[in-house]
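J.: Pasted the sequence and its predicted model underneath.
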Amino acid sequence: MKRVILLILVSLLNASIFAQVKYPSRDSKEWNNLTVVQRWQAVNIPEDSLPKMSTIELIDHCLNFNFMWDIFNHPNYEIGLNVVIENHNGLRELLKRKDAGELILEYYRKINLEEVIKMDKPADRGKFVGKAFFLELFLSHPNILNQFQGNEQRVIAAILQTYDTCLKINEENDRDYYCGYSIGTKIMAIGRGLDHLNNRETTDMAIEDLDLSKLTDEHCRKIIEEARKL
């Protein structure tokens, strides 16, 4: 799994998928001389452009933003997500939008999960699976869950349906198109949704930290069972 993620990272870091501004090539001396802060500043959206972007444009941007994959470079996804939020103005802006919850959920539900089967290159499959992963992280963020106050069942049901579909695709093709990090993130996002729905404090550190290393089979079973009862 780590090797697959590394291949995806290398592929993405060597491409300019959705550059909002021009910045030095990441193979250049100029780029290497920049500090981490300066690199984030270089790839951020110009501040005067942010208010002009629609929420859908922000979603598209964040899903195709090379540096979103920096999330994998941290001890858990919660830390990684917060680092990107802190440094990237596009994701900060998205999570502030009052219509972000509904539009992210709509975007998520429209993903044709079967498309992954048609992709030959591991990097292409990785980017495709990663889109669902990022959207699940966004949907599990407190800012977004707060927009569904009392209606969190809709978020939970959408992710649960995706979870079931991904497992079905894997089984029918005898191949893990949707593997550990993808399936585990769905379960953790559902767990956060359940806690928010029931107005209960999250005491499970796997869910609190979005930490796959702390997510046990027993965790998964309990979360999925509770979600199916809604």
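T.: Ah, there it is. Numbering: from 1, shown residues only.

J.: OK, contacts around the spatially most central residue of the chain?
T.: Closest residue to the average C-alpha location of the chain: residue 134 at 1.2 Å, with Cα atoms, centre = their mean. Counting by Cβ atoms under 8 Å, 6 or more residues apart in numbering, residue 134 touches 62-63, 68. Quick note: C-beta positions are derived from backbone N, CA and C, even for glycine.

J.: Please flag which of those residues sit within helices.
T.: 62-63 (DSSP state H).

J.: okay if I get the contacts of residue 134 as CSV plus distance to residue 218?
T.: Below are the contacts of residue 134 laid out as CSV (distance: Cβ to Cβ, whole Å):
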residue, distance to residue 218
62, 33
63, 32
68, 31
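
J.: Can you tell me which of the contacts of residue 134 is closest to residue 164?
T.: Nearest to residue 164 out of the contacts of residue 134 is residue 63 (Cβ to Cβ; 22.5 Å).

J.: Neighbours of that closest one, how many?
T.: Neighbour count for residue 63, taken as other Cβ atoms under 10 Å: 20.

J.: Can you give me the pLDDT of it?
T.: Note on residue 63: pLDDT of 95.

J.: and what of the one 4 residues further on?
T.: pLDDT, residue 67: 89.

J.: Now do residue 132 against residue 148, distance only.
T.: For residue 132, the distance to residue 148 equals 18 Å [Cβ to Cβ, to the nearest Å].

J.: How about residue 36?
T.: 34 Å.

J.: So in the protein, which helix runs the longest?
T.: Assignment by DSSP H gives helix 152-173 as the longest helix of the chain.

J.: Following element in sequence after it, please.
T.: Where DSSP states H and E defines the elements, the next helix or strand beyond helix 152-173 is helix 180-197.

J.: I'd like to know which elements that following helix is packed against.
T.: The criterion is 3 or more Cβ pairs under 8 Å, 6 or more residues apart in numbering; DSSP states H and E, and the helices and strands that helix 180-197 contacts are helix 122-139, helix 142-145, helix 152-173, helix 205-208, helix 217-228.

J.: Mind putting these into TSV with distance to residue 95 and mean pLDDT?
T.: What follows is the helices and strands packed on helix 180-197, written out as TSV (distance: least, Cβ to Cβ, whole Å; pLDDT from 0 to 100):
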stretch	distance to residue 95	mean pLDDT
helix 122-139	7	96
helix 142-145	5	97
helix 152-173	15	98
helix 205-208	18	94
helix 217-228	24	96
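
J.: thinking again about what came up before, run through who's touching the longest helix of the chain.
T.: 105, 108-109, 111, 113-114, 116-117, 132, 136, 139, 145, 148, 176-178, 182-183, 186-187, 189-190, 193-194, 196-197, 224, 227-228, 230.

J.: In contact with the nearest residue to residue 87 once chain neighbours are set aside, which residues?
T.: With Cβ to Cβ, 6 or more residues apart in numbering as the criterion, residue 87 has its nearest non-adjacent residue at 4.1 Å, and that residue is residue 40. Applying Cβ under 8 Å, 6+ apart, we find residue 40 in contact with 67, 87-88.

J.: Most neighbours among those, which one is it?
T.: That'd be residue 88 among those, by other Cβ under 10 Å, with 21 neighbours.

J.: next one: phi and psi at it?
T.: phi -110, psi 120 (degrees, to the nearest 10).

J.: wait, it sits on residue 42?
T.: No - using Cβ atoms under 8 Å as the test, residue 88 is too far from residue 42 to be in contact (11.5 Å).
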